[in-house]
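Undergrad: can't give you the sequence, but here's the structure:
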């Protein structure tokens, strides 16, 4: 299994899961009910996540996610990027992820 997507917005996580499942990509949601534990554990560790059951679906899932975000107008025009390692959002001016120090592509 491979973590694919996470968001503070639980409903956005459900939307992403739905998009993937409609395309035949097997996935599950983890941390679905963990948001109430925020404060006891770090909030970013309690975020709901979509996990791919098999990493071979990664490329197709990324393509679908990009299309989904474009349709919703969620893509950033200024070159912001999402870390491939930890899935954190980073501003365009950063060449290294602020969360895990992974270099941008």
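TA: Structure received. These numbers were taken from a predicted model, which means no experiment stands behind them.
Undergrad: contacting residues around the lengthiest helix in the chain?
TA: Longest helix of the chain, by residue count under DSSP state H: helix 58-72. Residues from elsewhere that reach helix 58-72 (C-beta atoms under 8 Å, 6 or more residues apart in numbering): 2, 4-5, 15-16, 19-20, 23, 25, 27, 52, 75. Every C-beta, even on glycine, is put in place using the N, C-alpha and C of the backbone.
Undergrad: what strands line up against whatever helix or strand comes next after it, and which way round?
TA: Using DSSP states H and E, the helix or strand that follows helix 58-72 in sequence is strand 81-82. If you go by DSSP bridges, strand 81-82 pairs up with strand 89-90 (antiparallel).
Undergrad: what about the partner strand, distance to the chain center?
TA: Strand 89-90 has its C-alpha centroid displaced from the chain centroid by 11 Å (C-alpha atoms, centre = their mean, to the nearest Å).
Undergrad: list the buried residues of the longest helix of the chain.
TA: In terms of neighbour count (16 or more other C-beta atoms under 10 Å), helix 58-72 has its buried residues at 61, 64-65, 68.
Undergrad: and the residue of the chain most remote from its centre, what's its pLDDT?
TA: For the chain, the largest distance from the centre (C-alpha atoms, centre = their mean) belongs to residue 40, which lies 22.7 Å off. For residue 40, the pLDDT comes out at 73.
Undergrad: and stretch 7-20, average pLDDT?
TA: Here stretch 7-20 scores 92 as its mean pLDDT.
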